[in-house]
Structures are given as C-alpha cells and as structure tokens.
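S.K.: I would like to see how this sequence folds:
(one chain, ligands or ions: 1)
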Amino acid sequence: MGKHVVTLIPGDGIGPEVCAAVQEIVAAAGVEIEWEVQEAGAAVAEKRGTTLPDEVLESVRRNKVALKGPIGTPIGKGFRSVNVQIRQDLDLFASLRPVKSLPGIATPFTAAPPGRGGMPGGGAVDLVIVRENTEGMYTGIEHEIVPGVREAVKIVTETASTRICEFAFDYAEKMGYPRVTVVHKANIMKKTDGLFLECGRAAARRHPRIEMVEMIVDACAMNMVRNPNRLAVVVTLNLYGDILSDLAAGLVGGLGIVPGANIGKDAAVFEAVHGSAPDIAGKGLANPTALLQSAVMMLDHIGEHTCARKIERALRDVYERDLARTGDLGGRSTTREFTEAIKLLMNEAPPPSLRTPA
Ligand code: NAI
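M.R.: Residues are numbered from 1 along each chain as shown. As a prediction, the model looks like this:
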C-alpha cells in the first residue's frame, strides 16, 4: 500500500509524548505515513491568539484523516473548546468508542463467576458506544427567561438521528456484532427522544440481520454495569452517549486505555479520550495505550489492516505477559520502556497458529 498523508495534532501536556510513541510504533509496524504536524490547543493559543488556527482544519479537510492528542482549553479566557470546534466545523457526526478489556487489566467482572455478578467468558468486556455528536442537549443554546429561571434548548432532527442510527447498524454489520441497543428516554421526552427512537426503528428495518433492542437510558446504565456485552453496539443521543462512554471506559480500566474516533462523511479524527495530564507532562511517564488503540482504529480506517492487527496483538501481549506497565496502571515503566516492549513483540515471530502457510 502506498504512503498515506495523515494530519497529526500532538496537542498539549503529555500529547507530544504519546504521539511520538505512537508514531514510532506505527513506523515499526511497517506503515508508511507522512505526518502533517499541526499545532492546536493551549500551547499555540499563547503564540497565535487562537487555540485552533485555520490551517489545522484545512489540513484535516485535505487529508481526510487525523490523529489527535489531548488538548487543553484555557479556562476563563473566552476560548471555545478545540474538540467541539473540530467536531462542528468538520461535521464529525459520530463519536465511536469501542470498549474492550485488555488481558492483564482486571475488570469488575474478572473475579466473579457468572451468575454471581460475573460474566460468561471470564469477564472480558466488549461493547461499542456510538454517540450522536452534533445536536441533542449540546447545542449550547441556553438563556435566562427571567431571573432565577434558565432554559437550555435540546434539538433532535430526523436527519441527524437517521444518519447516526444507520452508522451504528452498518458498524454492527461490518464488525460482526449481533445487535444494536437504541438508548433513549422517550418515555419522558416523547417528542425529541421519541423521534430518535423512530429513526432507530427505521434503521433496524433496513438491517434485518441485526437485532434491535430499545432501552431507556437509566436501565442502560444498570445493564452496562451488570452485563455490558449483551448491549453490543449502543447508539444514543449526545448527552447520554457522553455519560455512558465514560461509564463504559471505567469498566475496562479507565480513560487511559480506551480509544476514540469522531467520524464524518468527509473526514475522521482519531483521538485519545483522556486529557493532557499536566501532573505528569514532560516526565516520560505517560501511557500511550489509548492513543495507540486509536491509531489502530485509524489504520483500519485507511485500509492498513495487517499492520493494525500486528500492533493490536503486540499491545495485548505486553499486557498479558506484563512486560511493561506505566504508573497509571500500577506499574513503573516509562513511556520509552512501554514503546520498546511493543516494538520488540511486533518483531517476534508470531505463534505457529498465526503464521500464514508457505
Ligand atoms: P486528565 O485525563 O488529563 O488527567 C486525569 C488523571 O489521569 C491524571 O492523574 C493524569 O495523570 C492521568 N492520566 C490521563 N491520561 C494519562 C495517560 N495517558 N497516562 C498516564 N496517566 C494519565 O484530566 P484532567 O486533569 O481533568 O484534564 C487536564 C486537561 O486536559 C484540561 O485542560 C482538560 O481540558 C483537558 N482535557 C482534554 C481532553 C481531550 O482533548 N480529549 C479530554 C479531557 C480533558
């Protein structure tokens, strides 16, 4: 496969450190990428007076794919969140968060036997959250009606609800999940969430091979803790998706582990969902796992499946064999040691079962 051009937004704090680690691992896996480095975030705000210079979005528009580190939004200085601007300006309507446990990182289910709080399959979590990213409760339209009474506007459209539900069903079909759980609160918000639910039902009719389950958001929160895998692919409105994605991440070891992507018709941005970790920035202690897993999603997106599997296998092996572990997961490894361990495993011969016959 030829060379790819990808926009790289290293971001703030530990961003440049985890980005460098990921670039090194991707190169070692054999993918040829020309990284077009673009600065955004708190660091660039001081130099340029904006957290998101125009050329960043132009670069993502041109290359159609980007990898992004965490970005700090300076608080109280009137800057809009860079993450929100990128999503809105590029119309990245789907937030995709696959949540899978890694071997060697305990989940709340690992120890408990099935039927006693545990899950079949030894506690390995595997579910995906698809969140509508452009409207719902996050329109930012709020006002004071009279002193002491304020109102926020929630917008739900048929167009946005249909495209996110279609995206979820297509994703389930492509990735081999048996069902989509459409999560809503239509019992209370009959008009808005009711429309979302109708769009989910219509998408289900167009995908007869995928089962559809309707679930109220509070019940979903409980079920996600009791038996997450049963949900398979969750599709939901913006606010519920925001909350449920972090709940799901908590099931597998937190935000330092899970990948994320914001996907639109014309561009996709793959990102770490954790923040810039100012407490450990510049110390070489950051865990690059979340961004690396996002990079694996990105490689699949650009068709580099073999290298994606190679990195994925090495990452799982590092955790399973406990070859390196950073401080956030109770280990003592540095970012460099972790990166080297992955590179070493990628170069190890795969076990016989994984070798292609000569
Ligand atoms: P944070 O995620 O940066 O840090 C929370 C804790 O997790 C800290 O103890 C940190 O050291 C640790 N941590 C996070 N990622 C880690 C990693 N990869 N390896 C090892 N430890 C890690 O959240 P916080 O402190 O609330 O936010 C700091 C800054 O990040 C703020 O400016 C915030 O706006 C920004 N932020 C950006 C996000 C993004 O760009 N997607 C998301 C969340 C926050």
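S.K.: what comes up buried for stretch 124-136?
M.R.: Buried positions in stretch 124-136, judged by neighbour count with 16 or more other CB atoms under 10 Å: 124, 125, 127, 128, 129, 130, 131, 132, 133, 134, 135, 136. For glycine as for every other residue, the C-beta is placed from the backbone atoms N, C-alpha and C.
S.K.: kindly report the same for stretch 191-198.
M.R.: Residues of stretch 191-198 classed as buried by neighbour count (16+ other CB under 10 Å): 192, 193, 194, 195, 196, 197, 198.
S.K.: quick check: the residue of the stretch 151-300 of the chain nearest the ligand.
M.R.: In the stretch 151-300 of the chain, the residue that lies nearest the ligand is residue 275 (2.5 Å; CB to the nearest ligand atom).
S.K.: assign the spatially most central residue of the chain to helix, strand or coil.
M.R.: Nearest to the mean C-alpha position of the chain, by CA atoms, centre = their mean, lies residue 260 at 1.3 Å. Of the three states, residue 260 takes strand under DSSP: H, G, I helix; E, B strand; the rest coil.
S.K.: identify the farthest-apart pair in the buried residues of stretch 124-136.
M.R.: 124 and 135 (34.1 Å; CB to CB).
S.K.: skipping its backbone neighbours, what lies nearest residue 212 in space?
M.R.: Spatial nearest neighbour of residue 212, chain neighbours left out: residue 204 (3.6 Å); criterion: CB to CB, 6 or more residues apart in numbering.
S.K.: so who does the one you found touch?
M.R.: For residue 204, the residues meeting the contact criterion (CB atoms under 8 Å, 6 or more residues apart in numbering) are 169, 180, 182, 210, 212.
S.K.: among those residues, name the ones in strands.
M.R.: Among the contacts of residue 204, the residues falling in strands (DSSP state E) are 180, 182, 212.
S.K.: count the neighbours of the first one for me.
M.R.: Same thing as residue 180. 28 (other CB atoms under 10 Å).
S.K.: for it, list each beta-bridge partner.
M.R.: With DSSP bridges applied, residue 180 shows beta-bridge pairing to residue 212, residue 233.
S.K.: wait, it touches residue 167, no?
M.R.: No: contact criterion CB atoms under 8 Å: residue 180 and residue 167 do not qualify, at 10.2 Å.
S.K.: shared neighbours, the two?
M.R.: With CB under 8 Å, 6+ apart as the test, residue 180 and residue 167 both reach residue 235.
S.K.: give the contact list for residue 165.
M.R.: Counted by CB under 8 Å, 6+ apart, residue 165 has contacts 180, 182, 196, 199, 200, 202, 203, 235.
S.K.: repeat that for residue 206.
M.R.: 166, 169.
S.K.: give me the phi and psi for it.
M.R.: With angles defined as degrees, to the nearest 10, residue 206 sits at phi -80, psi -10.
S.K.: with residue 235 instead?
M.R.: phi -120, psi 130.
S.K.: next one, pLDDT for it please.
M.R.: On pLDDT, residue 235 comes in at 98.
S.K.: what of the one 3 residues further on?
M.R.: According to the model's per-residue confidence, residue 238 sits at a pLDDT of 96.
S.K.: wait, it sits on residue 131?
M.R.: Yes: checked against CB under 8 Å, the pair residue 238 and residue 131 is within contact range at 6.3 Å.
S.K.: leaving out the residues flanking it, which one is nearest to residue 304?
M.R.: Using CB to CB, 6+ apart, the nearest residue to residue 304 is residue 31, at 5.1 Å.
S.K.: check which helix or strand the one you found maps to.
M.R.: Using DSSP states H and E, residue 31 sits within no helix or strand.
S.K.: is it true that residue 171 touches residue 234?
M.R.: No: Residue 171 is beyond contact range of residue 234, at 11.0 Å (criterion: CB under 8 Å).
S.K.: which residues are common contacts for these two?
M.R.: Common neighbours of residue 171 and residue 234 (CB under 8 Å, 6+ apart) are 128, 130.
S.K.: what about these two, which has more around it?
M.R.: Neighbours per residue (other CB under 10 Å) separate residue 171 from residue 234, with residue 234 holding more: 30 against 20.
S.K.: need the phi and psi values for residue 130.
M.R.: Per degrees, to the nearest 10, the backbone of residue 130 is at phi -110, psi 120.
S.K.: quick check: pLDDT value at it.
M.R.: 98.
S.K.: residues contacting it?
M.R.: By CB under 8 Å, 6+ apart, the contact set of residue 130 is 94-97, 164, 167-168, 171, 233-236, 241.
S.K.: output the lowest mean pLDDT helix or strand found in the protein.
M.R.: Lowest mean confidence among the helices and strands of the chain (mean pLDDT, DSSP states H and E): helix 42-48, at a mean of 86.
S.K.: and it, how far out from the chain middle?
M.R.: 26 Å (CA atoms, centre = their mean, to the nearest Å).
S.K.: not counting its own residues, what contacts it?
M.R.: By CB under 8 Å, 6+ apart, helix 42-48 touches 12, 50, 51, 53, 71, 72, 73, 74, 77, 79, 276.
S.K.: need the residues of the stretch 251-358 of the chain near the ligand, please.
M.R.: For the stretch 251-358 of the chain, the residues in contact with the ligand (CB under 6 Å from any ligand atom) are 255-256, 271, 273-280, 286-287, 290, 326, 328.
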